[in-house]
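*Asks:* sequence first, predicted coordinates after that:
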Protein chains: 4
Amino acid sequence: MPSIEHNYKFLFMMTKFSLRHLRRFVFNNLQNHDYESHLSRLLNFFLIFLIIANVLAVMLESIDSIYFAHKKLFDLFETVSIALFTIEYLLRLWCVAEEHPDQPAWKTRLQWFSSGGAIIDLLAILPAYLNFIVPIDLRFLRILRLLRLLKLTRYFVSLQILLAVIEREKGSFQAVVFILLIMIVMAAGGIYVVENKAQPGVFSSIPEAMWWAVVTLTTVGYGDVTPVTNIGKLLGAVITILGVGLAALPAGILATGLANELSLRNQKLAQEFRNLLISNQIDYLNETKEIEKIRKRIGLSKEQTNEVIMQLIREKDLEEQEQQKKAFKYCPHCGEKLPEA
Amino acid sequence: MPSIEHNYKFLFMMTKFSLRHLRRFVFNNLQNHDYESHLSRLLNFFLIFLIIANVLAVMLESIDSIYFAHKKLFDLFETVSIALFTIEYLLRLWCVAEEHPDQPAWKTRLQWFSSGGAIIDLLAILPAYLNFIVPIDLRFLRILRLLRLLKLTRYFVSLQILLAVIEREKGSFQAVVFILLIMIVMAAGGIYVVENKAQPGVFSSIPEAMWWAVVTLTTVGYGDVTPVTNIGKLLGAVITILGVGLAALPAGILATGLANELSLRNQKLAQEFRNLLISNQIDYLNETKEIEKIRKRIGLSKEQTNEVIMQLIREKDLEEQEQQKKAFKYCPHCGEKLPEA
Amino acid sequence: MPSIEHNYKFLFMMTKFSLRHLRRFVFNNLQNHDYESHLSRLLNFFLIFLIIANVLAVMLESIDSIYFAHKKLFDLFETVSIALFTIEYLLRLWCVAEEHPDQPAWKTRLQWFSSGGAIIDLLAILPAYLNFIVPIDLRFLRILRLLRLLKLTRYFVSLQILLAVIEREKGSFQAVVFILLIMIVMAAGGIYVVENKAQPGVFSSIPEAMWWAVVTLTTVGYGDVTPVTNIGKLLGAVITILGVGLAALPAGILATGLANELSLRNQKLAQEFRNLLISNQIDYLNETKEIEKIRKRIGLSKEQTNEVIMQLIREKDLEEQEQQKKAFKYCPHCGEKLPEA
Amino acid sequence: MPSIEHNYKFLFMMTKFSLRHLRRFVFNNLQNHDYESHLSRLLNFFLIFLIIANVLAVMLESIDSIYFAHKKLFDLFETVSIALFTIEYLLRLWCVAEEHPDQPAWKTRLQWFSSGGAIIDLLAILPAYLNFIVPIDLRFLRILRLLRLLKLTRYFVSLQILLAVIEREKGSFQAVVFILLIMIVMAAGGIYVVENKAQPGVFSSIPEAMWWAVVTLTTVGYGDVTPVTNIGKLLGAVITILGVGLAALPAGILATGLANELSLRNQKLAQEFRNLLISNQIDYLNETKEIEKIRKRIGLSKEQTNEVIMQLIREKDLEEQEQQKKAFKYCPHCGEKLPEA
């Protein structure tokens, strides 16, 4: 006859088991990118919707007439949003332990806590709580709430690729920004000397002249500050012609880097599929689920994945043909026809 | 002695046969890109001319002095144009069945009806007919008539290539537009906070400030709205320098994508010619018609096609030389000289 | 004893011979790019100087105070310039016959007459002579004289490369300009509808609105015409974001095309040198003159030529090593180390 | 017993030896890029800090209210800076002799003296000394002091890469700037003719109109000068559309050139490592110091170097595998799987 103690022990184990089960369930639906169910999709859509609604609310609140007319509604929406984002944050912190079941939970949680995504999540809720302790200027609080927009990066693969490229090419960007800064300072110094007497109000100092330099070298050209003397216009023209290429340079670097990154990921994906194919672990014509998993992990669009698979199918056909005929008709490397021996 | 019934039957068949014949004739001259005759070229030029004349008419109509002086002429031209475009649309819908003679006509027609080109054709005439049912504001009707301009895309191969590149690189564009939107919202929020007190009229709310952000980040820089405080100028400078590369990014992506697409099409064309050559189906030095067909299907300019053909001729010469001498002097793959054995 | 007749004949032949000699001399110094002497260099520098002086004169003449103070000097300079450019043109037309000595002189001259360079040369002098017949407005005549600037293209290799790239990529440019035109017309139509009531003076018609569309889509953004209504600003923002990438596209296409063109010319140069090397016609370490000739014909900078030569020297060394050792250590094609058999 | 003379001789030799030692020490810590110690790092950081502080001081001095309040402090800081930069310059000139110990010191010093870096160093101090002889306008002196900013180029590898690319692509830049100048002159001439009557004040001469042309073709578009006539707007639109691609071209050239330069340096680095590996001089998994030396000489970031090393390790593994199995499984050149014999 089981004792009460035994019953408690059983209950405790059951609870622990079901907690584990629950944590796995939450992890899969909230955090796991390789898992996809109706619930996880619904959850993602709801969170994306909530973020966008928050940003729209911040924008509308800044229009006084709308804000004062619907103050209570806005405040309610903000309170509910904070609550939901806080729950999301805590759930993620709790369930993330499932990611590496073989290492202690606190370690995985700490790793996640210091990751970029988690910091963005924290930034999205922290200002609201800080406001309880230190009252923050309402307008400033609004921009801090705009940071919630960054939470969207989690849901866009192509955005992550772009950020990866920016990260990898940061050396070039550093050089460009540095040259741009040198040019801005030099241009400001030059224009200050030649225009200071003609327009003492506008070009009163080098820092003031830097506003003109930035506006000109980035080709924005508001026209609120322009040189009026002949020598000032000549200097302005020379600076503009020399500097105009520089401002567009980061775009060129990014574009080249993006093209390289995409072709690199294509190769990586193809290699993974190839390895799986060689070891006969996957029949890529049918196992769409497995392919979808790999595709997401590597971060490629469906069209690109299909191209890679089509290439692999062609290669396999070629290989089979070769095995049967025991003689090459085409070079297996570059695809050119080989002359018959 | 043939009965009357037999006569009717014969007449019916004759009509059917001649209708088929007529449909083929219309299809070839209006719709078939692989077919080229004096009539088809004339028809294409007339349609291009009609589209451009329509757009010019819409422009001139918007100038009140011209419109009221020649109102009747404009109205007549519009009526005739609508009639012609409607006939064109119906003829295309009817004759397109010839494209896939092996599947039922309604299926081919439905496919065409839901294609991009057909939707543009419909958009070109629909507003005019809608205007009978629901009267549309004249000015708004005019822009809808400007949509006829899109009908021109059918006639420019290089335009279709560009659209194909945009379609393929849409992932990157999505990322860029998304980052641009985030930057616009953030920049608007920031400038709203720092400039709101100095210029309450201009930066009255975040949506208002977004106009400044868009104008600045795209480097348009009208100058109708500019920061005036020092901190506003500093923030504006930082935003401009960070964001300036982003606005030009789509151009870089498009340029890289365009170069890749063109080299891809070159390879595709070369492969098709090569296959036809191996199977001895084509003597590409003489059969210009066949070449022209393939060229149009893939969508390359005549110059590019000629380059591909010249390359193939060189390769063939090499091959023939090899067969005679039974020993390679150059690597058939990369074209480098091989050392003699 | 030689008769008088004989003397005349001899004199005629001498004259003919010396004329031939003179024509060759003029051709070499004025027209022949492969020939280089102190005189030809001096002549080129003088002509470049004369062109630049002409352009500067046109600019200065447009400043009334300077023009009226030195009218006689300007008129004299113009007369002398016209005379010199006319002599240059006639000399080129005469001596160009030396280019293809094996075909009749008139044929070579006609070919040159209808070439781009000759048309530019003619445009540089024609307006001055036309002015004798039909008096041209002085201001308009001035810009026509600015066309002399185009004569400089003859002297810059890198400019000819850029023009060749523009010529080859003209299909892409056509597409871009075409899309840009469609966008301009559409944007103008849209902004005309939404802004016409608020700013009837500025957006009075679609052609008027096109000025705004061009200024915005090319990111020039003067600010003389801007949307003021909220819906106008929204439309303006959407148009700007969509269109901003397009305006910078030609630059991207040009840059990619330029890189391809340069690598193509490098390969061409290397192939020519290689062929000359194989046939033992040239010892490229010493015959700098011959190299210089080839370099100019192909149109490469000295640095690039040196790189190609260094590569060839390395290759030759490799070949010699191979002949001695009778076994490859490196793949002669890709330069990778080969494993020993 | 050593004579006094002998003592002097000994002292002289000791001094000479210790001077040599000192010069080596100074060279290593100040000038030698391959040497790294706590002192050299501290020295570099101090010099970077001093340069930035100088530039900030120049900026602040240009604000009258700050300058007159702290005049003495600014003057003191300038005097100290001049002293420090002068000492730095003299020390570099002295110790640079250690760079090539096998050639006479004056020769190495002359080479350094005429190098780009030394000229920048001299430009940083020369104006201050010139001011003693010829008094220079204070404002002009300030910009000359801004030249000290260029001293920073010494410390940024990515900046040197960018400058190398600009140097190598200078042919293309020359062509672009040349075409841009032609377009500016032509556009100015055209707009001058059509707008001169409507706006005689703004478009009074071609040089005046060139300001508009520069501002428009570089897409800066201040809006201080815009065409107002219809024909002027049409001409402006055509010029803008044609020219807009050109202004962004240098960016495209730079971006492509930068990508090429980086891949070139990668190959160079890999080649050097490979050579060292073959001659068994280096075990690149451990000898981090040696790697660091090569990395700095070629000018690559640490991440890029690591990528190259990882690639080499993979290659070595492949080679070892090959030597054991005596048969290739993958093509050693392109990495594709080879069919079994």
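*Replies:* Yep, it's here.
*Asks:* just want the angle from the helix ranked longest in chain A to helix B:249-278.
*Replies:* For chain A, the longest helix by residue count, based on DSSP state H, is helix A:249-278. Between helix A:249-278 and helix B:249-278, the angle comes out at 50 degrees (axes from the mean of the first three to the mean of the last three CA atoms, to 10 degrees).
*Asks:* mind checking how far helix A:249-278 is from the chain centre?
*Replies:* How far helix A:249-278 lies from its chain's middle: 17 Å, per CA atoms, centre = their mean, to the nearest Å.
*Asks:* from D:T218, how far off is A:I241?
*Replies:* 7 Å (CB to CB, to the nearest Å). For every residue, glycine as well, the C-beta is placed using N, CA and C.
*Asks:* higher neighbour count, those two?
*Replies:* Looking at A:I241 and D:T218 with other CB atoms under 10 Å in any protein chain shown, you find the greater number of neighbours at D:T218, namely 27 against 19.
*Asks:* quick one: residues contacting A:L60.
*Replies:* A:66-67, A:74, B:207 (CB atoms under 8 Å, 6 or more residues apart in numbering or on different chains).
*Asks:* restricted to buried residues, select the residues you listed in PyMOL.
*Replies:* This is the PyMOL syntax for the buried subset of the contacts of A:L60, where burial follows 16 or more other CB atoms under 10 Å in any protein chain shown:
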select buried, (chain A and resi 67+74) or (chain B and resi 207)
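*Asks:* pick out the most distant pair among the contacts of A:L60.
*Replies:* Largest separation among the contacts of A:L60 by CB to CB: A:F74 and B:P207, giving 15.1 Å.
*Asks:* so the nearest residue to A:D121 once chain neighbours are set aside: helix, strand or coil?
*Replies:* Nearest residue to A:D121 in three dimensions, chain neighbours excluded: A:Y89, at 5.1 Å (CB to CB, 6 or more residues apart in numbering or on different chains). Classification of A:Y89 by DSSP: H, G, I helix; E, B strand; the rest coil places it in helix.
*Asks:* next: A:P101.
*Replies:* Applying three-state DSSP: A:P101 is coil.
*Asks:* now do it against A:L22, distance only.
*Replies:* Counting by CB to CB - A:P101 and A:L22 are separated by 15 Å.
*Asks:* between the two, which has more neighbouring residues?
*Replies:* A:L22 (13 against 10).
*Asks:* would you map out the domains in chain A?
*Replies:* A:1-154, A:170-243 (the TED database).
*Asks:* in JSON lines: these, plus mean pLDDT.
*Replies:* Listed next are those as JSON lines, based on pLDDT from 0 to 100:
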{"stretch": "domain A:1-154", "mean pLDDT": "87"}
{"stretch": "domain A:170-243", "mean pLDDT": "90"}
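*Asks:* what's the most buried one of those domains?
*Replies:* domain A:170-243 (a mean of 21; mean count of other CB atoms under 10 Å in any protein chain shown).
*Asks:* does the residue nearest to A:D121 touch A:I125 like I think?
*Replies:* Yes - with contact defined as CB atoms under 8 Å, A:Y89 reaches A:I125; the gap is 6.2 Å.
*Asks:* show me the contacts for the spatially closest residue to A:L254 that is not a sequence neighbour.
*Replies:* Once flanking residues are discounted, A:L254 sits nearest to B:L249: 5.4 Å by CB to CB, 6+ apart. Listed by CB under 8 Å, 6+ apart, the contact set of B:L249 reads A:251, A:254-255, B:176, C:245.
*Asks:* out of those residues, who has the most neighbours?
*Replies:* A:A255 (31 neighbours).
*Asks:* which ones are touching it?
*Replies:* With CB under 8 Å, 6+ apart, A:A255 has these contacts: B:249, B:251-253, B:255-256, C:252, D:255.
*Asks:* so how far is D:V228 from the residue of the stretch 151-300 of chain A found nearest chain C?
*Replies:* Taking CB to the nearest CB, chain C has its nearest neighbour within the stretch 151-300 of chain A at A:G223, 5.7 Å off. The spacing between A:G223 and D:V228, counted by CB to CB, is 16 Å.
*Asks:* can you check A:R142 too?
*Replies:* 42 Å.
*Asks:* please apply the same query to A:F68.
*Replies:* In terms of CB to CB, A:F68 sits 44 Å off from D:V228.
*Asks:* could you do A:T256 as well?
*Replies:* Separation of A:T256 from D:V228 (CB to CB): 42 Å.
*Asks:* again, but for A:R145
*Replies:* 46 Å.
*Asks:* got the residues of the stretch 1-150 of chain A near chain C?
*Replies:* By CB under 8 Å from any CB of the partner chain, no residue of the stretch 1-150 of chain A approaches chain C.
*Asks:* around chain B, pick out the residues from the stretch 1-150 of chain A.
*Replies:* Checking the stretch 1-150 of chain A against chain B by CB under 8 Å from any CB, the hits are A:55, A:58-60, A:62-64, A:139-140, A:142-143, A:146, A:149-150.
*Asks:* reformat those residues into TSV and put distance to A:T15 and secondary structure next to each item.
*Replies:* Converted to TSV, the residues of the stretch 1-150 of chain A next to chain B look like this (distance: CB to CB, whole Å; DSSP: H, G, I helix; E, B strand; the rest coil):
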residue	distance to A:T15	secondary structure
A:V55	40	helix
A:V58	42	helix
A:M59	46	helix
A:L60	45	helix
A:S62	48	coil
A:I63	51	coil
A:D64	53	helix
A:R139	48	helix
A:F140	45	helix
A:R142	44	helix
A:I143	44	helix
A:L146	42	helix
A:L149	39	helix
A:L150	37	helix
